[in-house]
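Asker: give me a 3D structure for the following:
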Amino acid sequence: MRADPNRAGAALAQRTGFVLAVAALAGVGVAIGCASEASARRRTAPVGEVQEGEASYYAPKFNGRRTASGERYDPKGMTAAHKTLPFGTRIRVTRHGGPSVVVKVNDRCGCTHGRIVDLSEAAARKLDMMHAGVVKVRLEVLR
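Answerer: Okay, here's the model as predicted:
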């Protein structure tokens, strides 16, 4: 029994079409992802935006490592990691019923379980949160 060449050609064309469709979808996904990242870098944060949640701080092992913005993490600096705010955004972080600090966003965080910001050691000390580790805060975008 001989294979029907028309059927084999149709099957090959169908597989080729499927592969091309998958490749096109992957390309569109990459393009959208890149556009989203680029627009996130260019966007400005709405001044006055307020978020409430919890803050934690960087472990000592991150000292000197590069942040997502390219800067090196300095535990003595007044910096923070936030999930979406643009790099360079200045935010005021106020501990619930306590002091506040102004920090610059220069890193990204995976922030889960109600956390909205990770702070440098210096910022955490000013908020008196070194022993607690995680505290309730209010975050306000300044500029």
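Asker: gap between the residue nearest to the spatial centre of the chain and Pro60?
Answerer: Centroid check for the chain by C-alpha atoms, centre = their mean gives Lys83 as the closest residue, at 3.4 Å. According to C-beta to C-beta, to the nearest Å, Lys83 and Pro60 sit 23 Å apart. Where C-beta positions appear, they are placed from N, C-alpha and C, glycine not excepted.
Asker: circling back to that earlier point, so the residue nearest to the centre of the chain sits in a strand?
Answerer: No. Looking at Lys83 with DSSP: H, G, I helix; E, B strand; the rest coil, it is coil, so not inside a strand.
Asker: that one and Cys109 touch, don't they?
Answerer: Yes. Counting by C-beta atoms under 8 Å, Cys109 is a contact partner of Lys83 at 5.9 Å.
Asker: which helix or strand in the chain has the lowest average pLDDT?
Answerer: Ranked by mean pLDDT, DSSP states H and E, the weakest helix or strand in the chain is helix 5-42, scoring a mean of 55.
Asker: can you tell me what sits against the helix or strand following it?
Answerer: Where DSSP states H and E defines the elements, the next helix or strand beyond helix 5-42 is strand 50-57. Residues from elsewhere that reach strand 50-57 (C-beta atoms under 8 Å, 6 or more residues apart in numbering): 93, 95, 113-121, 123-124, 127, 129-130, 133-141.
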